[in-house]
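Colleague: I would like the atomic coordinates for the input below:
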Amino acid sequence: MFYVKIVNNKLKIDEFNYSYLDYLFYDIIQMKIVSRSDFMVNGKNINMFLMEGDVTGIIKCTLLNWTGVIYKIPRLKLNSELIKKRQHFKNSGIYFLIGKSEDENENLVYVGQAGNRKNGEGLFQRLTEHIKDQKMDFFNEVVVLTTDNNIFGPTELSYLENRFTEKIRVANRYKLKNQNEPNIGNVTEEKEAELSEVMNNSEMIIGSLSYKLFIPMISTDLGREGLEDKDILYLSRKMRKTNIKIEAMCKQTNEGFVVLKGSMISPDDLKTMPKTIKKLRDELVENKKIEQGVLKENQLFSSASYAAAFVLGTSTNGLTDWKNKEGKTLKSLEEDF
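Modeller: As a prediction, the model looks like this:
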């Protein structure tokens with residue numbers, strides 16, 4: 001047996017067992033497929049405590065050497081004894097009300113803050129107020145950020161609420177229910193550096209809870225520095241029905257395939273097109289996210305074929321439709337991997 005531990009965010013191997021690790025990876029290292037340094041990766045250990053022993057219940061998340069605490073709470077459990085009597089919910093903090101639109105097609109989020117109250121019921125009282133508000137009936141889960149030592153004052157809360165809201169807007173995965181722009185307040189550069197760590201840790205933990213509030217589909221837009229030609233897949237086809245040449249671009253990510261804004265979308269609407277794709281195309285046209293046959297907003301798909309069907313308006317094989325700049329198909333690229 002060998003032991004692996006995290007030290008200063010680096011993967012370290014226990015010296016006592018180092019020779020055994022050499023034995024395991026000897027052939028790989030000798031063949032120069034990887035070097036020993038390839039096993040030294042950045043990492044974070046997130047502690048997730050299932051407070052009810054249920055993955056769908058209340059989850060408490062912490063990091064080593066960080067006073068921040070994040071909770072994921074089902075709406076149904078906001079008034080439970082576990083929440084009522086817990087000191088963290090008497091503190092100040094930031095919260096995210098998360099849910100879906102009535103037609104289930106749009107992710108919604110409301111970002112709010114709760115300050116300390118004279119009655120000692122900061123977060124808990126603010127959250128229960130939202131339960132009684134009919135305008136807030138969209139949410140079914142809540143994510144709460146607070147601290148062990150209750151250090152968030154009005155300045156910190158305003159700054160965090162503003163920055164989180166702006167990051168959600170830029171990521172463009174969730175529709176914000178906030179009607180007013182939160183005031184960023186006045187913070188010193190020292191305080192800003194401190195709160196930057198709070199934001200980084202919070203974004204990482206919330207992302208680990210499967211809420212991609214702050215993560216853009218792609219890190220950069222086409223044409224901006226960072227997204228190179230080698231990262232892009234292209235689709236080009238002349239449509240028989242309309243005689244229009246359709247040209248589109250796509251980027252493969254960890255989540256699937258993102259058809260990039262600026263891509264042409266065929267007006268063809270063939271019976272072979274998957275129903276879910278047809279419904280999506282109709283909604284995007286209605287919401288002016290497809291205008292005059294051009295996509296105005298990046299769209300994520302689980303497979304290359306669904307991405308191609310969205311562009312062409314018909315069922316098709318995305319593995320052969322999408323090609324890199326040199327004309328090599330996605331199928332060939334994956335076979336060469």
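Colleague: ok, Ile59 touching Ile46?
Modeller: No - using Cβ atoms under 8 Å, Ile59 is not in contact with Ile46, being 10.7 Å away. For the C-beta atoms, the positions are set from N, CA and C on the backbone; glycine is no exception.
Colleague: and those two? Which one has more around it.
Modeller: Ile59 (19 against 14; other Cβ atoms under 10 Å).
Colleague: spatially nearest residue to that one (excluding sequence neighbours)?
Modeller: In space, and not counting its chain neighbours, Ile59 is closest to Lys72: 4.4 Å by Cβ to Cβ, 6 or more residues apart in numbering.
Colleague: looking at this, the one you found is in a strand?
Modeller: Yes - judged by DSSP: H, G, I helix; E, B strand; the rest coil, Lys72 forms part of a strand.
Colleague: and the pLDDT at it?
Modeller: On the pLDDT scale, Lys72 is placed at 97.
Colleague: can you give me the buried ones in stretch 136-150?
Modeller: Buried residues in stretch 136-150, counted by 16 or more other Cβ atoms under 10 Å: 136, 138-139, 141-147, 150.
Colleague: ok, now stretch 197-211?
Modeller: 198-199, 201-203, 205-206, 209, 211.
Colleague: follow-up on the earlier one: closest to Lys90 out of the buried residues of stretch 136-150?
Modeller: Nearest to Lys90, judged by Cβ to Cβ, of those is Asn150 at 8.2 Å.
Colleague: distance check, the closest one against Ser92.
Modeller: The spacing between Asn150 and Ser92, counted by Cβ to Cβ, to the nearest Å, is 6 Å.
Colleague: next one: Thr316
Modeller: Taking Cβ to Cβ as the measure, Thr316 and Ser92 are separated by 53 Å.
Colleague: centroid-nearest residue for the chain?
Modeller: Centroid-nearest residue in the chain: Lys212, 1.9 Å away (criterion: Cα atoms, centre = their mean).
Colleague: once you drop chain neighbours, what's closest to that residue?
Modeller: Here the residue nearest Lys212, using Cβ to Cβ, 6+ apart, is Arg173, at 5.5 Å.
Colleague: one more: Ala171?
Modeller: Pro216 is the one closest to Ala171 (Cβ to Cβ, 6+ apart), at 4.9 Å.
Colleague: how many neighbours does the residue nearest to Lys212 have?
Modeller: Arg173 has 16 neighbouring residues, counting by other Cβ under 10 Å.
Colleague: per-residue confidence for it?
Modeller: Arg173 is given a pLDDT of 92.
Colleague: any regions of the stretch 101-250 of the chain where pLDDT drops low?
Modeller: Applying pLDDT under 70 to the stretch 101-250 of the chain picks out residues 120, 219-229.
Colleague: can you map out the helices along it?
Modeller: Ranges of helices within the stretch 101-250 of the chain are 122-131, 154-171, 189-208, based on DSSP state H, counting those that start in this stretch.
Colleague: quick one: contacts for the residue nearest to Lys212?
Modeller: Residues near Arg173 by Cβ atoms under 8 Å, 6 or more residues apart in numbering: 107, 212-213, 215-217.
Colleague: what does Tyr306 give?
Modeller: Applying Cβ under 8 Å, 6+ apart, the residues contacting Tyr306 are 257, 274, 277, 318.
Colleague: let's see 10 Å
Modeller: Shown in contact with Tyr306 (Cβ atoms under 10 Å, 6 or more residues apart in numbering): 256-257, 259, 274, 276-277, 280, 299-300, 315-316, 318.
Colleague: out of these, who's nearest Glu192?
Modeller: Taking Cβ to Cβ as the measure, Glu192 lies nearest Leu300 of these, at 32.1 Å.
Colleague: can you pull the pLDDT of the closest one?
Modeller: On pLDDT, Leu300 comes in at 93.
Colleague: against which helices or strands is the helix or strand containing it packed?
Modeller: Assessed by DSSP states H and E, Leu300 sits inside strand 299-301. In terms of contacts (3 or more Cβ pairs under 10 Å, 6 or more residues apart in numbering; DSSP states H and E), strand 299-301 is packed against strand 245-252, strand 257-259, helix 275-286, helix 304-312.
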